[in-house]
Structures are given as structure tokens and as C-alpha cells.
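Undergrad: Next come a sequence and a model predicted from it.
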Amino acid sequence: MTTNSTEATTLRSRRCGSLRAADAGTDVRLGGWVHGKRNLGGLVFLDLRDRDGIVQVSVDPALVGEAVRDAAAAVGKESVVLVEGEVVRRPPTGENRDMATGEIEVRARSVRVVGPAVTPAIPVGRAKGEALPSEEQRLRHRYLDLRRPELQRNIILRHRLMQTARRYLAGEGYLEIETPILTKPTPEGARDYIVPSRLHKGEFYALPQSPQLYKQLLMVSGFDRYFQIARCFRDEDLRAERQPEFTQIDIEASFVQQADIVRLTEGLFVELWREGGHAIVAPFEHLTYADAMERYGSDRPDLRYGLELFDATAIFAATELGIARSAIATGGRVRGIRVPKGASLSRKQVDELETLAKGAGAGGLLRLKREGSELSGPPAKFLDAGARERLALAGGDLALFAAGADRVTSAALDRVRQETARLLGIVPDGVLRFLWVTDFPMFGCDPATGALGPTHHPFTAPHPDDAPLLDTDPLRARAQAYDVVLNGMELGCGSIRIHDPEMQRRVFSHIGIDEETAQRRFGFLLEGLRSGAPPHGGIAMGVDRIAMLLAGAGSLRDVIAFPKTTTASALFEGAPSPVPEADLRTLHVRIANGAGEE
């Protein structure tokens, strides 16, 4: 009997999907799920499936007896059966070139149903072109959904990627060290998930948004190079590429600068993409944050196509166009994109682009179209010959403009740029444009309150050249922060950290954290930094996003075994759910009613 040490157990010798023509003539024991069956009156054929694939099993009453044949004919889809038999070549006319096992079948000598199944709530197998059940149904019956070969391939790929990451980082001298899940609530940009303590009445743990403080303290502790496949939790609104609990490859190293982390990350990405079947080349491109925002309106630009933003303020400054003059008078600019051959877009499509711009905060879009030698569109009558020339529009081109503060025009034109590229079909398939975005601002300003906040997190070190600006013009100070981006999606975020406790206090003070609050929230970090901290830095990369891209999946939920919905619900197990009042009393918790009363 043929066996494979990585597949064999006492009940099976091989996996169904691993059998090939070279195995013909050997005896096997198989276990799997009935994917389909065909009853030809005499012979019964079962398609038996496991995580490696599907193999055809022929059940001949001359070999197994009428009773076994009848049982095989009656077995329901998704029932679990054990089969013993011989691998045989199919006749050439019976081969199935669409199956990896299509040259052979298993001629059964015994078939035993060990896990009978009721009619599946959702189908596991589906005909070519047949639509999937709704996502709600799939998540409600996730144990069935996960049997689908495409989802199994995704989860197996994710496993391989994690093992590749571990091998690579261990080979670079990094130690895998776990950090706590129950930790201290600290502000890191999103709401914490809070866990009440039974032993400490009225006190709470938080689930970590990231291992940020712990990995810094590991550097203080002298471990030098750390990594972790870390579970992280953020109570924030969800979308297709975001989950309340997620996984990141978390990295920190001592005595490093940005170039060291960049080199390590690029080497890791080369290995991960090779595991996913793609050859990529390092080093990656670099753009400063300022350049990215000026040219693309985004700190995670998609470089696969052009449509770069340009400053048209000088062109419109001398015109009588009211919306432009008003924006410029209040310190804003007029910025736009030139769309080659964009005149082919319909009025309805351009209206939809304007709706996107308005959704991003712009008052609207100014439109200009060149057809032949003439410009058309509402702004055209305000432009003299010189202004028309400076727009540099060729015949058939379209120009779209937004007027206002940079934060408004950048967001609006970024949305317009992406959708325009999609409408024109100019986003190339199969192209990977990796990018480092560097030199982020140290702080951002809340437009409503004027308060400063950290662009990344409050433990990011300022650029050495800009440290003096912290006290004179903090909004101009750059951070030693860097993001790695692929085709418009952020895959990782990192920085060189503050290792000087006095500098950490200065940064805290700029974002409104006074000495008392800093000590209460971050005293353990400040104490560690005072104990002798090496220069250190790191990065965290999203496992879910990387797996989603390499699997070609449309959502993070297709690469996570048991994901949440966009309302943070777990439909399969029914979470979140009420907790018995007795359990709440044990945790010293009472539920307030809608009026805010207990």
C-alpha cells in the first residue's frame, strides 16, 4: 500500500488530491467528503474531496457487493466516507483533463460512511459560472464555505506565507517573542477593546491595537531583533480590507536606521511574493510624503498609471472665475488632472466623478474638454489664449479641477484619479508597483479644533534635521516614518522610534498629553527608556492584506478562516452576544439603559 508520511494516519494512507498516474497499481486508504456522485445503474462513481483536491472513486458491485454499492448510491453530498481500493488508470476516453487526478481513479474494495451529512445549507461545489451564495449565508455556514477548494487554497497559501516569513526573519537573526494580549489601555489612534477584570474591581484590560510599546521595551531589554506574527485589535468602522481583529508581521530592531528596515522588508517581500508565485525585484521606488501628496493626492498612490495632479492656480488666478478666485483668496489652490482622451467619457460619467469629489469634501469639479482646437466647459470663457496654452491639453483630452485647501483638493482628486483610470481601463493587469513613502509629517492638525495629533503614532522619532522645528513650527517637522505601498494599498507602516525619554515627553506635550497623563498611561515605557535605550525602529505589515493580494481574493474575509462582517458580527458563532447578569456581576459590570441610567 502506497503511503506518504506527511499524509498517512491509521485511517488513511494518502490524501485524495495527491494521487497521480504514477500511483497506478498501488493500494490506498482514503478519507474525504463526497463532492458529487453519479449512479449509472451498475457502477456508482463518487467524487471524493479533501484539502488536496478531488479523486474519482468507482464502486463496482462485482467487487464490493450490492449492499455496499447501494449504500454508496444513497450517500448524501458532503458525507464523510472511508475508501480502500486500488489506483487504476482511466481509459483515454475517460480521462478528465480539468482535474489534477483526472488520469486515474480509485477502484474501491470497501466504502464506509463514517460521517453522514444532512443536505448542506449552502453548496460546496458549484457549476462553472454559478453564483456564490450571499456573503451572509456563507459566513453563517462558514464550516461549509471553508470546504470550497478556492477558500482552502487561500488559507493554505496564508499558512505558507507565514512559514516563509518565519524562516526569512529567523535567518536574519530575529527572535520570535510573544507579547501580552491582556494589556493596558493606551491611545494609539483607534478605540480599544476593553476587558473587565474580575479580580480588580472597576479596572480593565485592553486588547492590544499593536505590540508597539512591548516591542520597544524588548529593545530596551537587549533582545536586539524581534518579530512576532501578532494578533491585534481595533474597535473601528470596517470595510473590505479591515477587520476588528487582524494579524500583522511585527518587527523591531536595535541600532538601525530607516535603510536597515527598508532592506529587511524588501527582502521579506521578495520571499513572500516568490512563495505566492511572483518574481519581484528590489529595491522599491521611493517618494516623499510631500511629493506623493502633490503629485497624486494620496500617501499611498497607485503608480501603475499616470494622471498626475498639477497646480493650475497661476492659470486661474488672473481669471474672473468666482470659485477659483475665492479659493485662492483664502489660501487654497486650484489643482487638476489632465486625462488623455478623456473627452470620450460621457456626461453621466463625469457627473459621477464630480459626485466622488463632493463626497471627499470638494465643492465640485471644474471641467474643460478640448475637441479639435476649441476648449469647452464652464471655465473656458474665463481663460485667455495664454491660459489655454498653459493647460497643454491635446485634442480629445479632458481636464478636471478642484479648488480649495490642499487637504480637500488632494482627497477629491485622489478619488477622481482612481475612478477615471478605472473608467478608461488604463489600470494594467499583472503589474506590481511597490513604493516606499517616506518623510511623513510629524504631526497633523485637526481642522475643527486646531489640536495637533501624531501622523503615525506618538512614539515616532522626528527627522534629525527637523528636531528644532518641534518648538518653533511643529507642523513643518518631518518624522522618521515610512510606509510600504503596493498598487495603491498600504501593506506596512513603520518608523524609527523615540529612544530619548526627554524627547518622548516633548512629543507628548505637543499632542496634549501632560506629565501626569504621560506617567499614568506610559510610565512603564518612560521608565524603560530612562534605563538605557538603544536607537531602534521597526515596521508592521498586514498579513491579511498580503494574503488577500497574493490569493487574488476580493476581500480580507476570503483569506481569514472565521472573519467578522462589516458590522463586526461573527455570524457563524453568533458574536457578540448578551452575557448572563450573574457573569456581569462577577465582573463588577452593569448595563446602562438607553437613557444612560443603570
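TA: All right, it came through fine. Residues are numbered from 1 along each chain as shown.

Undergrad: Make sure E7 is actually in contact with L19.
TA: No - with contact defined as C-beta atoms under 8 Å, E7 does not count as touching L19 (10.4 Å). Where you see a C-beta, it was placed from the backbone N, CA and C, and this is true even at glycine.

Undergrad: the more surrounded of these two?
TA: L19 (25 against 15; other C-beta atoms under 10 Å).

Undergrad: and the more buried one, what does it touch?
TA: Shown in contact with L19 (C-beta atoms under 8 Å, 6 or more residues apart in numbering): V28, V55, V87, T101, I104, V106.

Undergrad: For the stretch 251-400 of the chain, give me the ranges with low pLDDT.
TA: Counting by pLDDT under 70, the stretch 251-400 of the chain contains no low-confidence segment.

Undergrad: Could you list the alpha-carbon positions for the helix or strand containing A540 in CSV?
TA: A540 is located in strand 536-542, with elements delineated by DSSP states H and E. Taking C-alpha atoms only, strand 536-542 is exported to CSV below (Å, rounded to 0.1, in the frame of the first residue of the first chain):
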residue,chain,number,x,y,z
HIS,A,536,15.7,51.3,17.5
GLY,A,537,13.0,51.1,14.8
GLY,A,538,10.7,48.7,13.0
ILE,A,539,7.7,48.0,10.9
ALA,A,540,4.4,46.1,11.0
MET,A,541,2.9,44.5,7.8
GLY,A,542,-0.6,43.4,7.3
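
Undergrad: How far does whichever helix or strand comes after that strand sit from its chain's centre?
TA: Reading on from strand 536-542 to the C-terminus, the next helix or strand found by DSSP H and E is helix 543-551. Its chain's C-alpha centre and that of helix 543-551 lie 6 Å apart, by C-alpha atoms, centre = their mean, to the nearest Å.

Undergrad: Tell me which other helices or strands helix 543-551 touches.
TA: Packing contacts for helix 543-551, counted by 3 or more C-beta pairs under 8 Å, 6 or more residues apart in numbering; DSSP states H and E, involve helix 149-171, strand 245-254, helix 258-275, strand 489-496.

Undergrad: hmm, who's touching the next helix or strand after it?
TA: Per DSSP H and E, the first helix or strand lying C-terminal to helix 543-551 is helix 581-586. Residues from elsewhere that reach helix 581-586 (C-beta under 8 Å, 6+ apart): R198, R590, I591.

Undergrad: these two touch, right, P474 and G444?
TA: No - taking contacts as C-beta under 8 Å, P474 lies outside contact range of G444: 10.4 Å.

Undergrad: pLDDT below threshold where in this structure?
TA: Looking at the chain by pLDDT under 70, you get 187-189, 238-241, 594-598.

Undergrad: a markdown table for the contacts of helix 581-586, including secondary structure, neighbour count and distance to L432?
TA: Putting these into a markdown table (DSSP: H, G, I helix; E, B strand; the rest coil; neighbours: other C-beta atoms under 10 Å; distance: C-beta to C-beta, whole Å) gives the following:
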| residue | secondary structure | neighbour count | distance to L432 |
| --- | --- | --- | --- |
| R198 | coil | 10 | 50 |
| R590 | coil | 9 | 53 |
| I591 | coil | 9 | 50 |
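
Undergrad: CA atoms of the helix or strand where V485 lies as PDB?
TA: Element membership of V485 [criterion: DSSP H and E] is strand 481-486. The C-alpha trace of strand 481-486 is given here as PDB (Å, rounded to 0.1, in the frame of the first residue of the first chain):
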ATOM      1  CA  ALA A 481       8.300  57.300   9.400                       C
ATOM      2  CA  TYR A 482       7.800  55.200   6.300                       C
ATOM      3  CA  ASP A 483       5.000  53.200   4.600                       C
ATOM      4  CA  VAL A 484       5.400  50.400   2.000                       C
ATOM      5  CA  VAL A 485       2.600  50.500  -0.600                       C
ATOM      6  CA  LEU A 486       1.600  48.300  -3.500                       C
END
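
Undergrad: Next, the buried residues of it.
TA: For strand 481-486, a neighbour-count test (16 or more other C-beta atoms under 10 Å) marks A481, Y482, D483, V484, V485, L486 as buried.

Undergrad: which residues sit against it?
TA: Contact with strand 481-486 is made by 258, 261-262, 265, 269, 284, 299-301, 432-440, 455-456, 460, 490-496, 539, 541, 549, as judged by C-beta under 8 Å, 6+ apart.

Undergrad: now swap in stretch 300-313 and tell me
TA: 285, 287, 292, 294-297, 328, 333-340, 391, 401, 410, 413-414, 417-418, 420-421, 426-428, 431, 433, 435, 437, 483, 485, 487-490.

Undergrad: again, only using 7 Å
TA: For stretch 300-313, the surrounding residues in contact (C-beta atoms under 7 Å, 6 or more residues apart in numbering) are 292, 294-297, 328, 333-339, 401, 413, 417-418, 420-421, 426-428, 431, 433, 435, 437, 483, 485, 487-490.

Undergrad: quick one on the thing from earlier: next one: the strand holding V485 to chain centre, how far?
TA: 14 Å.

Undergrad: Each with direction, which strands does that strand pair with?
TA: strand 434-438 (antiparallel), strand 489-496 (antiparallel) (DSSP bridges).

Undergrad: could those strands be laid out in TSV, adding distance to E275 and mean neighbour count?
TA: TSV is the format used below for the strands paired with strand 481-486 (distance: least, C-beta to C-beta, whole Å; neighbours: other C-beta atoms under 10 Å):
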stretch	distance to E275	mean neighbour count
strand 434-438	16	22
strand 489-496	15	21
